[in-house]
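1. What follows is a protein structure lacking sequence information:
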């Protein structure tokens with residue numbers, strides 16, 4: 001990706017409704033160990049994860065496929081509102 005293309009990218013927002021309490025969903029995103037238990041598709045593993053749930057903190061997850069391919073999901077925490085966002 002070129003530098004100019006990277007500057008034009010807009011932030012991605014993910015939204016999903018879960019049949020679970022807000023506290024339970026918030027807790028599932030709170031730590032790397034929690035994210036490792038559910039973030040990847042079936043059959044994939046998460047050998048590395050870094051989650052710092054503070055504004056400006058990293059969200060980095062390495063997913064490894066059954067074939068050994070590696071896929072990173074990376075972002076920065078922009079907002080934290082316990083049990084709300």
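-> Yep, that arrived. Keep in mind that this is a model prediction, so the values were computed, not measured. Numbering: from 1, shown residues only.
2. C-alpha only now, for contacts and for neighbours.
-> OK.
3. now the helices for this protein?
-> Under the criterion DSSP state H, the chain contains helices at 3-8, 22-30, 32-36.
4. Could you name the stretch from the ones you listed that's closest to residue 78?
-> helix 22-30 (13.7 Å; CA to CA).
5. Please give the centre-to-centre distance between the closest one and its chain.
-> Offset of helix 22-30 from its chain centre (CA atoms, centre = their mean, to the nearest Å): 12 Å.
6. One more: stretch 61-69?
-> With CA atoms, centre = their mean, you get 15 Å for stretch 61-69.
7. do the same with stretch 77-85
-> On CA atoms, centre = their mean, the centre of stretch 77-85 falls 13 Å from the chain's centre.
8. what do you get for stretch 17-25?
-> With CA atoms, centre = their mean, you get 16 Å for stretch 17-25.
9. Residues touching it, excluding its own?
-> Under the contact criterion CA atoms under 8 Å, 6 or more residues apart in numbering, stretch 17-25 has outside partners 82-84.
10. Mind doing that once more with 10 Å?
-> Stretch 17-25 is contacted from outside by 27-28, 30, 82-85, using CA atoms under 10 Å, 6 or more residues apart in numbering.
11. For the residue nearest the centre of the chain, list each beta-bridge partner.
-> By CA atoms, centre = their mean, the chain has its centre lying nearest to residue 59, at 5.4 Å. Taking DSSP bridges, one obtains residue 51, residue 75 as the residues bridged to residue 59.
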